[in-house]
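Colleague: can you look at this prediction? I've put the sequence above it.
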Amino acid sequence: AVFMRQDLSTEIRALDCDRVKTGAGGSAGNKGAVCVRFELGDFSFCFINLHLPAGQTAKNAAERNSDMRQVLHDAFSDKTITGATRRRKEGFLRQGLF
């Protein structure tokens with residue numbers, strides 16, 4: 001959720017939400033991100049909340065980098081980083097309405 005002063009709500013445009021699953025090769029929702037983007041006045045905002053793999057090893061760091069790359073590519077896109085078509089998000093609003 002994004003909270004703001006009520007008087008600014010009339011200035012919001014192009015509100016969009018998305019989620020990207022990265023756990024178990026993108027088939028499980030135990031890791032990944034939720035994203036929201038919008039325009040407020042002359043400014044664009046994008047917020048991403050991530051849950052990435054833990055650990056201090058080089059393998060863990062590489063996995064986090066790979067997952068982050070996937071999130072940045074797939075969020076708000078109809079195609080995945082591998083070129084597959086992303087399914088519609090059941091029960092998840094990709095566009096918000098006031």
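Modeller: In hand now; what should we look at?
Colleague: the chain: helices as residue ranges?
Modeller: All helices of the chain, identified by DSSP state H, fall at 58-74.
Colleague: tell me the contacts of the residue nearest the centre of it?
Modeller: Geometric centre of the chain, nearest residue: C35, 3.1 Å, by C-alpha atoms, centre = their mean. Contact analysis of C35 by C-beta atoms under 8 Å, 6 or more residues apart in numbering lists C17, D18, R19, V20, C46, F47, I48, N49, V71, A75, F76. Placement of C-beta: from N, CA and C, glycine included.
Colleague: turn those residues into a markdown table, including pLDDT and neighbour count.
Modeller: As requested, these are arranged in a markdown table below (pLDDT from 0 to 100; neighbours: other C-beta atoms under 10 Å):
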| residue | pLDDT | neighbour count |
| --- | --- | --- |
| C17 | 85 | 20 |
| D18 | 86 | 21 |
| R19 | 87 | 16 |
| V20 | 89 | 25 |
| C46 | 93 | 11 |
| F47 | 93 | 11 |
| I48 | 94 | 15 |
| N49 | 93 | 10 |
| V71 | 92 | 23 |
| A75 | 88 | 21 |
| F76 | 86 | 13 |
